[in-house]
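>>> this one's structure only:
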């Protein structure tokens, strides 16, 4: 619809809007929506970044006031002061932590998702949205090699996904075994994500770490050693794509061990689960078809906006048993249908899987395969350049799209200085991490628009 | 920006977009953004609703395919098939469960929030957005009568807010007391929300329920009786606005008891916390200034879209101690600044408080006060009409904006039939609930646009 058309449509509504507490919001909506369109269409500013709180407060002034500052002033404040004080997660030169790379299609449909304001916790309220979310989940189920009876839902992030899966696992264990006298336990590698420890703390269970081998993998033998000597373990967490190094645990061997000990196998694929879509690395995930639960964050490497984690159960029955919330005012809810609220620790929820669904629908899954492969190609090109550079040392043989490397002779302060300068110019955001007690550099690729040549050129400044 | 202008801006970008895996997404973005604008501007359809899964799948067909169906087809599918298969949470005639009533300003800025795709977990990445969120939280802090050193963050919903607060409470207790031999315990009323039980299940703690008095309030005496006879209680949960009946517990007396027993007091104001803004009911919250933690869902009665819960701590230090996630790749994060991830159980997060902030900034807080008062006025008018109607019986003296009533002589089937017919015509969505073992009717008002006269007229059909 053209803006002129919009104006006449808005005018018709004005008389009806008069009585409203909020008055006629047409101009506010037009201004904010036009601004959203610009934000989606224009590339993010790679050199934006945080400011100290006091400094920012002074620059921003008061926006929340008794009588309101109006849309123009609020948008200007956001555009000139607040947004520039955030890091551009989606800039193609952002290779720090796990950056983001949402498609413009997904960003635009996020606006529709908000506008529709669907309560997507229960089928009764959100059926149409949940159907679409389930279609996106079905693509993931297929990639996992799971049966079509698998089910799940989208939750706010990896922490919530891991927690919800582990709650299910504990409830399933508690249904058939007495509570261990020294409490329930989870087994994972030391390289497992911090959210596993957060989940364990929340659940008041013990984390037993198993050592990784020299490739950095959690192995079946290591898990077996722990399970043989420890009672009360209700879940093993394996990682497909460790956050720090992008490594994939030995899933098939671990699945053997879990099967033998009858322990739940949860896969944390928050970042690296996306690699399931890429034929060039799919073999590394062998055994994942035997896992009990799985998460992947589409807001990481599947091109969706924040915040969106896909949580899947090979068999959803134990999840329903563990998570259903009951209450008088919820009595009318039909528990036989697909209620996302019965599968994770949430009740009210945004239909946060819709932007991912829309982008998948518009672009097609084959383009997603190409996009993931493209980032893998970029990482390989950069890895090759690091290998070929006498001054640099690739520290880990990359399995997905994270590279760990160092510049022998440099210490923490050298890396910090270089990292800050490179960020300031907008050339690249690359922050140091720790690897075997050393400060090293780390690059994480999730954006198919990242230019390998530009990255390699920037790495030449590590002279 | 007019569409014509947009077109020329888009054209300039095309050459650069050519190499992208995603191709030129300009038309997709325009179509989705225009559709979002329509969804915000037009009133929601009050008679839309769920369909059985198989039926819906047949009507929808396959949208996620290898080669993509394009934006036009995907938007048409959403508009004609999927959205009509959801309940309109924001329709002014939706008075079931807890409906929603986001301002159009908040909906429009939700599009900006998505478009900006800010990682709002850490100050380093999301400073500008977090500053704005904190400004919105500061308004709530003021309403609570808490010191300005109080702090918090926005989480995905009440379940997560309650869980995060209770994890903090347990960690604080565990820091000064040994773990009780029979485990940690929470005290709450039987009328507390189901999410408290979900949180307790997740945390593996016991819920000890205290009886409510004949007004339906949890009292200081009842809490005292439990605390005197029970060891290992680390938190008392009081509710300001029970979901089923809209009642507020006796906060001041409960705060006395918690102080005496040195137990954490958490307030679940998911729905009813919004009433803090309304002078006509503010006295009911006396004592809330002494609580340790508090949640309110702006997506319920504070006119924000899904999903958005404000979590606040009077003193954020114990929350930081309980929630900070550490990891090698997170080493660069400054823990001295305001990191939302240090205050709740999440890491990646959308800046979900921004739509609420923008709407508050644009409209001003006084208009929020009027909007909440307006819904209270509507509830009072409808309550008066029920009292005046010989065939109807108001079952509970309303304290906020939930009404429980029945039509003596009717049974569950009568209510179900009436409720379904009233929903089908779009006149009103009002579903039965349970009250003291009886099936009764329930209305929940959160929308200032709800017309009391229309509601009263519809209630006349309860003949």
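The structure has been received and is ready for your questions. These numbers were taken from a predicted model, which means no experiment stands behind them. Numbers count the residues shown, from 1 in each chain, chains lettered A, B, ... in the order given.
>>> residues in contact with the spatially most central residue of chain A?
By C-alpha atoms, centre = their mean, chain A has its centre lying nearest to residue A:297, at 3.0 Å. Taking C-beta atoms under 8 Å, 6 or more residues apart in numbering or on different chains as the criterion, residue A:297 is in contact with A:157, A:158, A:161, A:270, A:271, A:273, A:308, A:309, A:310, B:348. The C-beta positions use only the backbone N, C-alpha and C, and glycine is treated the same way.
>>> my guess is the last one meets residue A:306, correct?
Yes. Taking C-beta atoms under 8 Å as the contact criterion, residue B:348 and residue A:306 are neighbours in contact, 6.3 Å apart.
>>> For these two, list the residues in contact with both.
A:299, B:119.
>>> State the number of residues packed around residue A:228.
Other residues within reach of residue A:228, judged by other C-beta atoms under 10 Å in any protein chain shown, total 10.
>>> how near is it to residue A:236?
In this view, residue A:228 and residue A:236 are 13 Å apart by C-beta to C-beta, to the nearest Å.
>>> can you give me the strands in the stretch 301-450 of chain A?
A:309-313, A:393-394, A:402-406, A:432-435, A:438-444 (DSSP state E, counting those that start in this stretch).
>>> Mind listing what's buried along the longest helix that chain A contains?
The longest helix of chain A (DSSP state H) is helix A:365-388. Buried residues in helix A:365-388, counted by 16 or more other C-beta atoms under 10 Å in any protein chain shown: A:365, A:367-383, A:385-386.
>>> my hunch is that residue A:154 is in a strand, does that hold up?
Yes. Residue A:154 sits within a strand when classified using DSSP: H, G, I helix; E, B strand; the rest coil.
>>> re earlier: and the longest helix of chain A, is it in reach of chain B?
Yes. Helix A:365-388 is in contact with chain B by C-beta under 8 Å from any C-beta of the partner chain, via A:365, A:366, A:367, A:370, A:371, A:374.
>>> quick one: that helix to chain centroid distance?
The chain centre lies 19 Å from the centre of helix A:365-388; the measure is C-alpha atoms, centre = their mean, to the nearest Å.
>>> again with stretch A:137-150
Offset of stretch A:137-150 from its chain centre (C-alpha atoms, centre = their mean): 19 Å.
>>> tell me how far the ends of that stretch are from each other?
Terminal residues of stretch A:137-150 are spaced 9 Å apart (C-alpha to C-alpha, to the nearest Å).
>>> close to chain B, is that stretch?
Yes. Applying C-beta under 8 Å from any C-beta, one finds stretch A:137-150 touching chain B at A:138, A:139.
>>> Run through who's touching that stretch.
Contacts of stretch A:137-150 (C-beta under 8 Å, 6+ apart): A:151-154, A:273, A:276-277, A:288-289, A:291, A:294, A:296, A:310, A:312-316, A:353, A:360, A:365, B:64.
>>> give the contact list for the closest residue in space to residue A:348 that isn't next to it in sequence.
Nearest residue to residue A:348, sequence neighbours excluded (C-beta to C-beta, 6 or more residues apart in numbering or on different chains): residue B:157, at 4.4 Å. With contact taken as C-beta under 8 Å, 6+ apart, residue B:157 is in contact with A:346, A:347, A:348, A:349, B:297, B:299, B:307, B:308, B:309.
>>> Residue A:373 and residue A:301: what is the separation?
12 Å.
>>> related to what we said a few turns ago, tell me which of the contacts of residue A:297 is nearest to residue A:183?
Set against residue A:183, the nearest of those by C-beta to C-beta is residue A:161 (23.1 Å).
>>> what kind of secondary structure is the residue nearest to the closest one when sequence neighbours are not counted in?
Spatial nearest neighbour of residue A:161, chain neighbours left out: residue A:295 (3.6 Å); criterion: C-beta to C-beta, 6+ apart. At residue A:295, secondary structure determined by three-state DSSP is strand.
>>> out of the strands of the stretch 301-450 of chain A, which comes closest to residue B:167?
Going by C-beta to C-beta, the one of the strands of the stretch 301-450 of chain A nearest residue B:167 is strand A:309-313, 19.1 Å.
>>> so what strands line up beside that closest one?
Sheet pairing of strand A:309-313 (DSSP bridges) gives strand A:151-155 (antiparallel), strand A:293-296 (antiparallel).
>>> quick one: the nearest residue to residue A:373 once chain neighbours are set aside from residue A:162, how far?
Among residues not flanking residue A:373 along the chain, residue A:278 sits closest, at 5.0 Å (C-beta to C-beta, 6+ apart). Residue A:278 sits 23 Å away from residue A:162, going by C-beta to C-beta.
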